[in-house]
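Trainee: Provide a 3D model corresponding to the input given below.
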Amino acid sequence: MINFIFVITGRKALPFAKMCIQSIQAQLGAFNTSTIYVDDTSDYSPEETEVLLKLLQKVNGTLIKLKERHYQIGSLSKGIPLIQDKNSIVCLLDGDDYLLPHALQTVAEAYKNLDIVMTYGNVLLDFRPYQDHMPGYFFDKKTVNTEYSFDVWKNRTFREDGFRCFHLRTFRRWLWDYIDPSGFRRPSVEFIHASGDSAFIYPMLELLADSKHVAFIDTPLYVYRLHAGNIHNHDKKSQIDDLDLLRFKMKKYKPLDREILQRHILEASCAG
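Mentor: Prediction:
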């Protein structure tokens, strides 16, 4: 049976942790799951840490507390390499968001197609009670939650086209190992602050280089929570600058050798 590993990243996300973690517990169907929660220097008290640990116990969870700021992409780079099963499916979840109950069932169905190595999807928005802050959120979100066109796949112009791969994002664990972690950092060597998801999404698309290996799941599986703490509300400049760096100033990846790719697909199919 396939192992599904949830990797949650968050900073000062304890107010949202109960719904986030319980949404994993509430998944329909029977699956092998475990959870890695990477906390990005929230400086929780012992009592607050205990609350988080008790929640994680219910989802076969492990807590990693970072001592230095890593932001989202740095946090992922600490959590994902801990997953030993290279054929497992990594499911990424922000610590302030939550899943719909049919998420895992739907993702598992997509991976029944053995060619699939990565999925992304469509989200619902939960913006209670911050409606007044939200109009500015949407102006640069015209392409998210949509598929890449045939021409984009043919020419591998994912970066030029824009960002489409929104939640729920999943991938086979082995794919992460082909990404150079130096691309997770700014020229100043500090981790990319915002738009960190683009630092691994673009490389993955370029490595796979064929739409038959990537499933867009149109059915919403994930609820993206809009609130005052979102990065766009307090550091939009980093979000824009980091995305510009990733789209236009970083080198593109060459497609992964097809023999190597097929070997991974075969190994995953044999693993179940």
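Trainee: quick one: the helices in this protein?
Mentor: Counting by DSSP state H, the chain forms helices over residues 14-25, 46-57, 71-79, 103-110, 150-155, 158-161, 173-176, 198-208, 231-234, 236-248, 258-271, given from the N-terminal end onward.
Trainee: wait, what's in contact with Pro81?
Mentor: Residues counted as contacts of Pro81 (Cβ atoms under 8 Å, 6 or more residues apart in numbering) are Trp176. Just so you know, the C-beta spots here come from the backbone N, C-alpha and C atoms, and that holds for glycine as well.
Trainee: please report the distance of it from Arg173.
Mentor: Shown here: Pro81 relative to Arg173, a distance of 9 Å by Cβ to Cβ, to the nearest Å.
Trainee: please apply the same query to Met19.
Mentor: Counting by Cβ to Cβ, the separation of Met19 from Arg173 is 26 Å.
Trainee: looking at these two, which one has more neighbours?
Mentor: For Met19 and Arg173, the more surrounded residue by other Cβ atoms under 10 Å is Arg173, and the numbers stand at 19 against 16.
Trainee: tell me, what residue is most central in this protein?
Mentor: Averaging the C-alpha coordinates of the chain gives a centre point, and the residue nearest to it by Cα atoms, centre = their mean is Leu92 (3.8 Å).
Trainee: the closest residue to it other than its chain neighbours: neighbouring residues, count only.
Mentor: The spatial neighbour of Leu92 that comes closest, neighbours along the chain excluded (Cβ to Cβ, 6 or more residues apart in numbering), is Arg169 at 4.9 Å. Arg169 has 19 neighbours, counted by other Cβ under 10 Å.
Trainee: and the residue nearest to Leu52 when sequence neighbours are not counted, what's its pLDDT?
Mentor: Distances taken as Cβ to Cβ, 6+ apart put Ala17 closest to Leu52, at 5.8 Å, once the chain neighbours are dropped. If you check Ala17, the pLDDT there is 96.
Trainee: pretty sure Ala17 is touching Leu53, no?
Mentor: No. Counting by Cβ atoms under 8 Å, Ala17 does not reach Leu53; the two are 10.5 Å apart.
Trainee: of the two, who's got more company?
Mentor: Ala17 (20 against 13).
Trainee: for that one, give its distance to Gln105.
Mentor: The value you get for Ala17 to Gln105, if Cβ to Cβ is used, is 23 Å.
Trainee: try Phe216
Mentor: Note on Phe216: its distance to Gln105, by Cβ to Cβ, is 17 Å.
Trainee: so between those two, which is more surrounded?
Mentor: Taking neighbours as other Cβ under 10 Å, Phe216 and Gln105 compare with Phe216 leading, 17 against 14.
Trainee: before I go, just wanted to say thanks for your time.
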